[in-house]
Every structure is written in structure tokens, then in C-alpha cells.
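Undergrad: requesting a structural model of the entry that follows:
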Amino acid sequence: MKNKTEMVAMLLRNIVLAILYLLSGKISFAFFQQDLIVTLTVFIPEGIALAAVLIYGQRIIPGIFFGQLLLALSSGVSFSPALGISIGNALEAFIAYRLFYYFKLDKSLSHFRDLMGLFLLIFLILQPFSAFLGNSILLAFHTEQESEFLNNLFFWWFGNSVGQLFITPMLLLLYHHKQKEGVLKQLLHYTLVAIIFILLNYFLQIALEIHNTSLLLIATLPLTIYLATINLPYATIATFSLVGSSFYFFHLHQGTFFLAEADIDQLINLNFFALSHILLVLIIGVLFHEKEAAITSLRSLAHYDALTGLPNRYLLQSEIQESLYLFERFSKKSVICFMDIDNFKTVNDNYGHAVGDKLLQEFTKHTKQVIRLTDTLLRLGGDEFILILRDVDKEATKQLLTRIMDSVHRIKKIDHNKIAVSLSIGVASCPADGTTVQELINAADSAMYQVKQSGKNGMAFSKSCCKPKE
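TA: Next up is the predicted model:
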């Protein structure tokens, strides 16, 4: 039943894709058509097709095939070349899917590597293949003149490349962010962004009658780039709105890019206007968010020990403050245990630091298996650890620490090296032994030092530790 439902869903997706391909192709041709199905404008269907195959996989390729076939036939291309071009487009989609995942690119485009991989795939592989094969088929069936081959080769490559760069990243980003918030709320936000940037473009190109491409870029690029640093999907919608409305103004013989003469030159300028926005918005946006993610990750790592995964001394202050709060609010005492692995330096000297590191990891694993969810184990550095036990009395503390010591004693070998592991533990009371991190650590450290002087492998309590509350 499940397989049947999936087949029906995929069939519907293919039908929808074929219709979208046909309609978006008609829209692209409405702006400017050089020769039958060869166009210099942003060819939207190519972008939709590439996004679809990367999202839904190879089973969506029939939708691309039939969409291209319908578009070619409805544009005046005879059946044989139309069939050949459709097969070529299906093969292009297959190559795109295979290469994208062969190079282990991520369709979320969250990393610069993924974005550049997509750009290179489009510019250097997919569109050279598509342009050469498509125009060769038109030439072979005498649908295209030999003198037009090179021009049409460039138009096909450039228009399709811009189409994929313009549409595919936007659709992939929107798909990746679709579950971040409610669908209706998200659509409302996208619509508002689109309306704002269409109105801005109308104001610049029609109301102010700006006819200088550089001036138009200066007026629009900073806004879209800034938006890319805040929300990349919004920035792609803004770019789509700017470029789409610019093509519409051109179609109406208005705006910055329309002049009575040299329409093709102006259309190339319009395509470069689109490329400038697309490339800069995507590259700067992805790099910015990748940097932010790296900073967040580094900040997180700075608070945790890389070897054991335990919180480190940077989180000790907040853990102590939580213990003080529990005492003040609920009169629940905490104890601070300073734990030191006996003869750790000897292990490092005799067996090497790799064995020493594995001993620290084994100690961490055994200790975490004993302590409670409310307790916190931290690594100060080297073989020194802090264990915070909350809501305990002296007897409960002894029992838990004894279980930890027994568990650690069971570590007998590290990489086939026989090792005898024991602990020296000093215990201080919070807040009886101090109300700052340093006071409590000093008290627990002093108690631990007593154990070291008494022969190691034991525990000692500070003088104030676990006294009954007066």
C-alpha cells in the first residue's frame, strides 16, 4: 500500500513538473526568443528541472522529458528534433543528479563547497553538454542554419546557465527552509519581500528612469547582500523579484535595459545584472552563514573538552552558581569533588600519551555510568576532574564516590598494557567551604592533597564539608 501511494505521489510530481516546465518555458520565450527554442533570456524551466532532480531524484526525470517535449512541439519544432532535445534534457538531468551526489554535494547549499560545486557543474558540464547536443540536433534536422550554430550555441549555454543559477539555488534553499516555520506565515513573508523589491525596482527603473546599469547595481546590490546576511532564502526571493521585474519591464519596452537599438546587447546587460545579483548574494550569503555557524561551533567547543567531551573550566562558574541557587532557593546542598587519577604521569611516561589519552576517556566513561543525571562531571585539565554532586549528604556522597572508585578500579588494560587505576578525591561543601569557584576548588584540592599524602587511592572531606545546617 505504501509503495502504491509513493508511486502515485511520484506520478503526480512528474505531471506537475511537466506542466511547470511547459508554462515557465512559455514565459521565458515571451520575453525574448532568438530562434525557436533557443533563447538568450533566463530560461526558467532548466532551473526548475535541476532543482527537481536534486530534490526528488532520478524518478522525476520523466517529468523533465515530457515538459521539454511539449514545450518544443508547441514552439514549432518538428517531432524528431523535439524528441532528440527532450532525450538530451533528460540525460542532462541524469548527469546532474549523478555528479552532484558523486562529489558529495549537499542540496541545502549550507557550505561554500556545495555552492561552488553547483556553479561549476552548471557552467562547465551541464550547459556545455546541453547547448552542444541541442544545437547539434537542430542542425542535423535542418531546423537550424549552420551559420547560426555558434551564436545559438552561446545563447543556449548562457540563457540556460543563468536560468539554472537564477532558479535552482533559490528553490533548493526554499525547500531546505520550508519546515522552519508555518507554511502560511512563510509564504506571507516571501510575498512581502517580493512586493517590496518589485516596488523598489519600479521606483528606480520607471519612476526615476535610471538608464545606467552600474547605478542600478549600486542602488540594489547592497540591499540584497545585506538581506543575504540575515536570511538567505529571503535574499534569493528579493533577487528573483528584481530580476524578474526587470525582464518584465524590458518586455514592455521600458526600464533601464531597454533601448530602441541593439536589443540583444541590452539583453546581455540584463543577464549580467541578474548574474551579479545571483552570484554575489549567494556567495556572500553562504560564506557569511558558514562563518556564523563555525563561530557558534567554536564557541560551543570552547566550553567542552575535545578529548573527553566533558564540560571544561569555562562552564564551571555557571555550574557552581546553579549549586548556590539550589541551596538558597531549596536548601539543597551540593558538594564539589576534586578528583585526580593516581600515577597518571607514570602511565604517560611508560606507555605514551596516546595510552594516557585513552585512560582519560575510559575514566570518563566509567564515571558517567555511575553518577546521576543531576550530577555534573567536568575536566579541569590533565588528569584533574571536578564532580559536582547536588542534593546529597555525607553518607550519600561516600557511597557514590566509592562506586566511582570501584568502577575505575575495573580498568585493567589500555591497548593491551596492564594498568592499575586509582583515584584521590577531595570533597568540599557548597556553600560552607566557599561561594566562589576558586574558594571551592581550593578547599576540595586541599582535601585531595591530604589523600595524596596519606598514600593515595582514597577520599577526604574538608572540615566544613557536610556539616548539618545550623
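
Undergrad: what helix or strand does residue 373 sit in?
TA: Applying DSSP states H and E as the criterion places residue 373 outside every helix and strand.

Undergrad: could I get the phi/psi values of it?
TA: Main-chain torsions, residue 373, degrees, to the nearest 10: phi -60, psi -30.

Undergrad: same thing with the one 5 residues further on?
TA: With angles defined as degrees, to the nearest 10, residue 378 shows backbone torsions of phi -130, psi 150.

Undergrad: and what of the one 4 residues further on?
TA: Geometry field for residue 382 lists phi and psi as phi 60, psi -130, criterion degrees, to the nearest 10.

Undergrad: count the neighbours of it for me.
TA: By other Cβ atoms under 10 Å, the residues close to residue 382 number 13. Where you see a C-beta, it was placed from the backbone N, CA and C, and this is true even at glycine.

Undergrad: name the nearest residue to it, ignoring sequence neighbours.
TA: residue 344 (7.3 Å; Cβ to Cβ, 6 or more residues apart in numbering).

Undergrad: what of residue 326?
TA: In space, residue 326 is closest to residue 332, 4.4 Å off (Cβ to Cβ, 6+ apart).

Undergrad: related to what we said a few turns ago, wait, the residue nearest to residue 382 sits on residue 356?
TA: Yes: between residue 344 and residue 356 there is a contact under Cβ atoms under 8 Å: 6.7 Å.

Undergrad: which residues sit in contact with the residue nearest to residue 382?
TA: Counting by Cβ atoms under 8 Å, 6 or more residues apart in numbering, residue 344 touches 356, 359, 382-383.

Undergrad: for the residue positioned nearest the centre of the chain, which three-state class applies?
TA: By Cα atoms, centre = their mean, the mean C-alpha position of the chain lies nearest to residue 110, the distance being 3.4 Å. Three-state call for residue 110 (DSSP: H, G, I helix; E, B strand; the rest coil): coil.

Undergrad: check contacts around it.
TA: 176, 286, 289-290, 293.

Undergrad: and those residues, which is closest to residue 161?
TA: residue 286 (18.8 Å; Cβ to Cβ).

Undergrad: which helix or strand in the chain has the lowest average pLDDT?
TA: helix 316-330 (a mean of 71; mean pLDDT, DSSP states H and E).

Undergrad: thinking again about what came up before, quick one: the residue nearest to the centre of the chain and residue 244, what's the gap?
TA: Distance of residue 110 to residue 244, computed by Cβ to Cβ, to the nearest Å: 25 Å.

Undergrad: and the helix ranked longest in the chain, what does it pack against?
TA: The residue-count maximum for a helix in the chain (DSSP state H) belongs to helix 263-302. Helix 263-302 is packed against helix 112-120, helix 149-176, helix 213-230, helix 232-251, with contacts defined by 3 or more Cβ pairs under 8 Å, 6 or more residues apart in numbering; DSSP states H and E.

Undergrad: buried stuff in the shortest one?
TA: Buried positions in helix 112-120, judged by neighbour count with 16 or more other Cβ atoms under 10 Å: 114-115, 117-119.

Undergrad: quick one: mean pLDDT for stretch 273-293?
TA: Computed over stretch 273-293, the mean pLDDT rounds to 91.

Undergrad: then stretch 209-226?
TA: The average pLDDT within stretch 209-226 is 92.

Undergrad: buried set for it?
TA: In stretch 209-226, counting by 16+ other Cβ under 10 Å, buried: 210, 213, 216, 219-221, 224-225.

Undergrad: pick the one among those residues closest to residue 24.
TA: Using Cβ to Cβ, the buried residues of stretch 209-226 come closest to residue 24 at residue 224, 22.4 Å.

Undergrad: now residue 376: closest residue in space that isn't a chain neighbour?
TA: Per Cβ to Cβ, 6+ apart, closest to residue 376 is residue 388, 4.4 Å.

Undergrad: can you list the strands that the helix or strand harbouring that neighbour pairs with?
TA: In this assignment (DSSP H and E), residue 388 forms part of strand 384-390. Sheet pairing of strand 384-390 (DSSP bridges) gives strand 334-341 (antiparallel), strand 376-381 (antiparallel).

Undergrad: sorry, back to before: would you turn the buried residues of stretch 209-226 into a markdown table with distance to residue 396?
TA: A markdown table is the format used below for these (distance: Cβ to Cβ, whole Å):
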| residue | distance to residue 396 |
| --- | --- |
| 210 | 77 |
| 213 | 76 |
| 216 | 73 |
| 219 | 70 |
| 220 | 67 |
| 221 | 65 |
| 224 | 61 |
| 225 | 59 |
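
Undergrad: phi, psi for residue 142 please.
TA: When quoted as degrees, to the nearest 10, the phi and psi of residue 142 stand at phi 60, psi 30.

Undergrad: which ones are touching it?
TA: Contacts of residue 142 (Cβ under 8 Å, 6+ apart): none.

Undergrad: quick one: which of the buried residues of helix 112-120 is nearest residue 368?
TA: Closest to residue 368, out of all of the buried residues of helix 112-120 and judged by Cβ to Cβ, is residue 114, at 36.2 Å.

Undergrad: isn't that closest one up against residue 108?
TA: Yes: taking contacts as Cβ under 8 Å, residue 114 lies within contact range of residue 108: 7.4 Å.

Undergrad: any idea how far residue 421 is from residue 367?
TA: In this view, residue 367 and residue 421 are 11 Å apart by Cβ to Cβ.

Undergrad: okay, and the common contacts of these two?
TA: residue 408.
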